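> no sequence on hand, only this structure:
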Ligand code: UDX
């Protein structure tokens, strides 16, 4: 019978919740520490403070929920391991802000008994290990990292069935503490790598930066296709037939977002530049992502008659399946439009409240129909499947003009055209009735 542990998980955001719920579903009991009152209040009331499809159902299971005890402080009772899952967001200079991590490590220090492993699951910029050791009390032998590879919308699934487990060790790891970490977080179904902490950081940063490169490339091909009158989906399908390249993670759009990809791309660039390296590739991908979002905003402006009219932004989350709006491309585009004095009405099935808080000036409404009514252009900003199911035939006539710009290649273009819409899409061949005059002014 596998051993059941009593654990402390610090941080009840997307990573902390997936970690706590995943471990509780394996029978471990968890003290879940969260400093934000809104999140803690929701958890204590038996609700998840975020939208995560698989996690909602797991947390609704009384047995799993019963093993999770939410609280504001790290309890004094002994734990078999402490897992730190706080955020390391990007600051205004494109570097990871480690203040939450410092706070969590310093708070955990007095509560950790000798030999108990302290595992950092928060994403670290490569090369931050000295500060981490200092903040955690100086003893690196029981300190480990375990970078998470959880994609939001399927975070619990990724936690329970990972593609790999990476455990980062500091110099002189304690064998007993390491065996607890391997027992707790290891896996029989995928490779488990025990590596140096720098290698672990680079595996994490490097994976996300590589994903971001792939998307930047797909999105650049999309732009090329728009100009040449080709269809990027066909082009990517053809490229993907080469088994060395593959088709995965190449869905084109007008930019990628979220809390990880843009941050890790900039983080790895800055880490390299601090070492005197130029980091041409990762730096170009960040610039390209910014340019793709600006170009998309210009395309929307060009579709408005004399640059005037209201835009309905359907989808505000950074991708479907989450309520997270961090570095959301649709919010960025909405911000650029608002900056040009264009009215934007947003709708999202789950991220409306977060979007309204993140972008003052954006009017967020409760239904897609409300957003579309009176708008001159409808933009598909997030690939929520429900936008496919909308009764476009009935909704079209409520718009000021029936123009749809699909930033996610979600809708059936010919079907939309047959319904009388002027339909344009990212990376699409031919954009019949939309004014495609190039605008030199940046929005
Ligand atoms: C990512 C990684 O996938 C995960 O392994 C990591 O550890 C955390 O960061 P996440 O940010 O949740 O996960 O989302 P992901 O599904 O990777 O999407 C990131 C961005 O890329 C989104 O804006 C998404 O819309 C976009 N994307 C993704 C595309 O535009 N096309 C694709 O084919 C895939």
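Right, received. Where do you want to start? None of these values were measured; they are calculated from a predicted model. Numbering: from 1, shown residues only.
> quick check: closest non-adjacent residue to the residue most central in space within the chain.
Note on the chain: the residue nearest the mean C-alpha position is residue 258, at 3.0 Å, using CA atoms, centre = their mean. In space, and not counting its chain neighbours, residue 258 is closest to residue 318: 4.5 Å by CB to CB, 6 or more residues apart in numbering. (C-beta placed from N, C-alpha, C; glycine too.)
> do residue 332 as well
Spatial nearest neighbour of residue 332, chain neighbours left out: residue 293 (5.0 Å); criterion: CB to CB, 6+ apart.
> which stretch of helix or strand covers that neighbour?
In the assignment (DSSP states H and E), residue 293 maps to helix 280-303.
> swap in residue 105?
helix 99-108.
> now residue 203
helix 197-228.
> counting by contacts, list what that helix packs against.
If you count contacts as 3 or more CB pairs under 8 Å, 6 or more residues apart in numbering; DSSP states H and E, helix 197-228 packs onto helix 129-135, strand 143-145, strand 165-169, helix 232-240, helix 261-274, helix 280-303.
> what about the residue nearest to residue 332, how many residues close to it?
The number of residues packed near residue 293 is 25, by other CB atoms under 10 Å.
> equivalent analysis for residue 53, please.
15.
> tell me which parts of this protein are close to the ligand?
148-152, 208, 211, 215, 249-251, 253, 256-258, 260-261, 318-319 (CB under 6 Å from any ligand atom).
> in terms of contact, does residue 145 touch residue 201 like I think?
Yes. Look at residue 145 against residue 201 with CB atoms under 8 Å: they come within range, at 7.1 Å.
> higher neighbour count, those two?
Taking neighbours as other CB under 10 Å, residue 145 and residue 201 compare with residue 145 leading, 29 against 25.
> just the strands in the stretch 301-443 of the chain please.
Secondary structure of the stretch 301-443 of the chain (DSSP state E, counting those that start in this stretch): strands at 310-314, 343-347, 363-364, 377-380, 403-406, 422-425.
> can you say which of the ones you listed is packed in most?
Highest mean neighbour count of those: strand 377-380, a mean of 29 (counted as mean count of other CB atoms under 10 Å).
> average pLDDT for that strand?
Across strand 377-380, pLDDT averages out at 98.
> right, and residue 148 touches residue 15 too?
Yes. The criterion here is CB under 8 Å, and residue 148 meets it with residue 15 at 5.2 Å.
> follow-up on the earlier one: quick check: neighbours shared by residue 145 and residue 201?
Both residue 145 and residue 201 are in contact with 124, 168, where contact means CB atoms under 8 Å, 6 or more residues apart in numbering.
> any residues in contact with both of residue 148 and residue 15?
85, 121.
> domains in this protein, by residue range?
6-190, 196-443 (automatic domain parsing).
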